[in-house]
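[1] need a 3D model of the following:
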Amino acid sequence: MKTAKTPLSIKIIFWGTQVILGLFLLVCLAIIVFNVLLFTDFFGNDLQLHTRFPVKVNILETGNLYLNDMNIKVELVEGINQIHFFNTPLFLARWFGSALLIVAAVLMYILLSFRKFVMNVKKHVIFVQENILHLKNISYALLTLWVFTIIYVRIIYEVIGKNVEFEHVEILEDYPNFAGILMLSLFIWVLSHIFMTGVKLQEEQNLTV
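    Purely as a prediction, here's the structure:
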């Protein structure tokens, strides 16, 4: 019996997943080391923390655009920025470090589940319960990540956004909803149910044979 040939696209996805997983593993190890150093007070209060500030802001700054011999008045408005903490307090650094560790753990779980799924597809093991479980696990992990990011942004606003003051920046009570993560989670959940139908059809075909 001739063995079915694995499509080139599946091979590329498989090896791409392997590379991404390896690189992300190094990132996770760096995050773990960073957190260990934070909780052993290695940095003290000398840490210069530079992180994304996910709450939207209004940059109250006007300028001039010179184009085609014209002087056009412009203004920088709503956006999301990076925030730099000078001599970051240890409790704040540990808080950001722990949040980063949680996100990295969820992403690692998603990558590992996806890798197992792709390995099965590469072996032509497709409509099986194991693949359904992998897809559901990925969907639930993405949903967990979405809930965590929503809560994280709210906390950022309550703890930092309400208490920080800038001369030309207005902090808005306007949070990103990360709808892309939620939609991806729902899409993969629907995909798992399509695979469930495939498994039932496969079982029925085996019974008739």
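
[2] for Val121, which non-adjacent residue is closest in space?
    Using Cβ to Cβ, 6 or more residues apart in numbering and skipping the chain neighbours, the partner closest in space to Val121 is Ile10 (5.9 Å). Placement of C-beta: from N, CA and C, glycine included.

[3] how about Leu90?
    Asn45 (6.2 Å).

[4] OK, contacts around the residue nearest to Val121?
    118, 121-122 (Cβ atoms under 8 Å, 6 or more residues apart in numbering).

[5] any stretches of the chain with poor pLDDT?
    1-4, 206-209 (pLDDT under 70).

[6] hmm, His84 and Leu49 touching each other?
    Yes - between Leu49 and His84 there is a contact at 7.3 Å, judged by Cβ atoms under 8 Å.

[7] restricting to C-alpha, output stretch 24-43 in PDB.
    Provided in PDB are the C-alpha atoms of stretch 24-43 (Å, rounded to 0.1, in the frame of the first residue of the first chain):
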ATOM      1  CA  PHE A  24      10.100  31.100  22.200                       C
ATOM      2  CA  LEU A  25      11.500  28.600  24.600                       C
ATOM      3  CA  LEU A  26      14.600  30.800  24.900                       C
ATOM      4  CA  VAL A  27      12.400  33.800  25.500                       C
ATOM      5  CA  CYS A  28      10.500  31.900  28.200                       C
ATOM      6  CA  LEU A  29      13.800  31.000  29.900                       C
ATOM      7  CA  ALA A  30      14.900  34.600  29.800                       C
ATOM      8  CA  ILE A  31      11.500  35.700  31.300                       C
ATOM      9  CA  ILE A  32      11.900  33.100  34.100                       C
ATOM     10  CA  VAL A  33      15.500  34.200  34.900                       C
ATOM     11  CA  PHE A  34      14.200  37.900  34.900                       C
ATOM     12  CA  ASN A  35      11.500  37.000  37.400                       C
ATOM     13  CA  VAL A  36      13.900  35.100  39.600                       C
ATOM     14  CA  LEU A  37      16.200  38.100  39.600                       C
ATOM     15  CA  LEU A  38      13.300  40.300  40.500                       C
ATOM     16  CA  PHE A  39      12.100  38.200  43.400                       C
ATOM     17  CA  THR A  40      15.700  37.900  44.800                       C
ATOM     18  CA  ASP A  41      16.000  41.700  44.800                       C
ATOM     19  CA  PHE A  42      18.900  41.500  42.300                       C
ATOM     20  CA  PHE A  43      18.000  44.900  40.600                       C
END
